[in-house]
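Undergrad: Have a look at this fold, sequence not included:
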């Protein structure tokens, strides 16, 4: 399995042995089943960055020259096993769809371009970058959607501490990516998503927001509520989201 990287922020670290084993078996199965219809396999996200947690998904893009029914059906058992063991999450793309994906999902694919590791085949993301306009638009769309989802979720789960914890855990990843996008658009630097959010929240000068960020990270790591008043942390994270949304509308 190739280990070439796209120089992700923060460098790379070895994956857990069982994750490497399942990924190696998955790549081998893709090579066997898809044969010449397989172009590339790309590892992205926290696994590519060397920051995989026990609760993290292992995210890959499988680039196929043809999405053939029989091939995908033959891979299904391997995919289900990998999903069960290492939370493998697969995105299938055709080569000619990549430029459109980069523009339509600029925030997600901008992050993929900066943080990925090739497991097989040529790096089809090399030299690509979303336009500033596309990234700005997508930032506004994602952060506003997070705000609406948080309101909806709390409206349904107010008083249910474990469910509120899961809402915080689920928002952590996209919120961090939004912070990294905002930092780039504001010309502050190119940071890994977690670092970008920490830097942003520290810049607000409000210790209670830093504490809320810590609670969000804790529930993301443990998938369980921390001690203390989680509802207060939930609404402080909502405050952070509103601050990012306000700034997202000011970037050109």
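TA: That came in fine, so what should we check first? Quick caveat, the model's predicted, so the values are computed rather than measured.
Undergrad: Going by neighbour count, which residues of the host helix or strand of residue 27 are buried?
TA: Assigned by DSSP states H and E, residue 27 belongs to helix 17-34. For helix 17-34, the neighbour count (16 or more other CB atoms under 10 Å) marks 19, 22, 23, 26, 27, 29, 30, 33, 34 as buried. Backbone N, C-alpha and C define where each C-beta goes, glycine included.
Undergrad: do the same with stretch 46-60
TA: By neighbour count on 16+ other CB under 10 Å, the buried set for stretch 46-60 is 46, 47, 48, 49, 50, 51, 52, 56, 57, 58, 59, 60.
Undergrad: can you check stretch 124-140 too?
TA: Those would be 124, 125, 128, 130, 134, 135, 136, 137, 138, 139, 140, for stretch 124-140 by 16+ other CB under 10 Å.
Undergrad: show me the contacts for the residue nearest to residue 53 when sequence neighbours are not counted.
TA: Sequence neighbours aside, residue 221 is the residue nearest to residue 53 in space, at 5.9 Å (criterion: CB to CB, 6 or more residues apart in numbering). Contact analysis of residue 221 by CB atoms under 8 Å, 6 or more residues apart in numbering lists 53, 54, 55.
Undergrad: Please identify which of these is nearest to residue 217.
TA: Nearest to residue 217 among the contacts of residue 221: residue 53, at 10.0 Å, using CB to CB.
Undergrad: My guess is residue 62 contacts residue 92. True?
TA: Yes. Here residue 62 reaches residue 92: they are 5.3 Å apart, a contact under CB atoms under 8 Å.
Undergrad: chain center to stretch 186-201, what's the gap?
TA: Counting by CA atoms, centre = their mean, to the nearest Å, stretch 186-201 is centred 15 Å from the centre of its parent chain.
Undergrad: Over to stretch 193-203?
TA: That offset, for stretch 193-203, works out to 16 Å (CA atoms, centre = their mean).
Undergrad: can you list the weak-confidence ranges in the chain?
TA: 1-13, 223-228 (pLDDT under 70).
Undergrad: Strands along the stretch 1-150 of the chain, start to end?
TA: 38-44, 58-64, 88-93, 116-120 (DSSP state E, counting those that start in this stretch).
Undergrad: what comes up buried for the first one?
TA: The one in question is strand 38-44. 38, 39, 40, 41, 42, 43, 44.
Undergrad: Can you report how many residues neighbour the nearest residue to the second one once chain neighbours are set aside?
TA: Going back to what we said before, that points to residue 39. Counting by CB to CB, 6+ apart, residue 39 lies nearest to residue 63, which is 4.2 Å off, once chain neighbours are set aside. Using other CB atoms under 10 Å, residue 63 has 21 other residues around it.
Undergrad: Quick check, residue 63 in contact with residue 37.
TA: No. Checked against CB under 8 Å, the pair residue 63 and residue 37 is beyond contact range at 10.1 Å.
Undergrad: So what does residue 189 look like in phi/psi?
TA: phi 140, psi 170 (degrees, to the nearest 10).
Undergrad: give the contact list for it.
TA: Residue 189 neighbours (CB under 8 Å, 6+ apart): residue 183.
Undergrad: could you measure it against residue 141, distance?
TA: 23 Å (CB to CB, to the nearest Å).
Undergrad: And for residue 14?
TA: 36 Å.
Undergrad: Comparing these two, which residue is more hemmed in?
TA: residue 141 (14 against 10).
Undergrad: sorry, back to before: is it possible to export the strands of the stretch 1-150 of the chain to a markdown table including distance to residue 72?
TA: Converted to a markdown table, these look like this (distance: least, CB to CB, whole Å):
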| stretch | distance to residue 72 |
| --- | --- |
| strand 38-44 | 12 |
| strand 58-64 | 9 |
| strand 88-93 | 8 |
| strand 116-120 | 17 |
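Undergrad: what's the closest of these to residue 77?
TA: Nearest to residue 77, of those and by CB to CB, is strand 88-93 at 12.8 Å.
Undergrad: outside of the closest one, which residues touch it?
TA: 22-23, 26, 57-64, 67, 72, 79, 82-83, 101.
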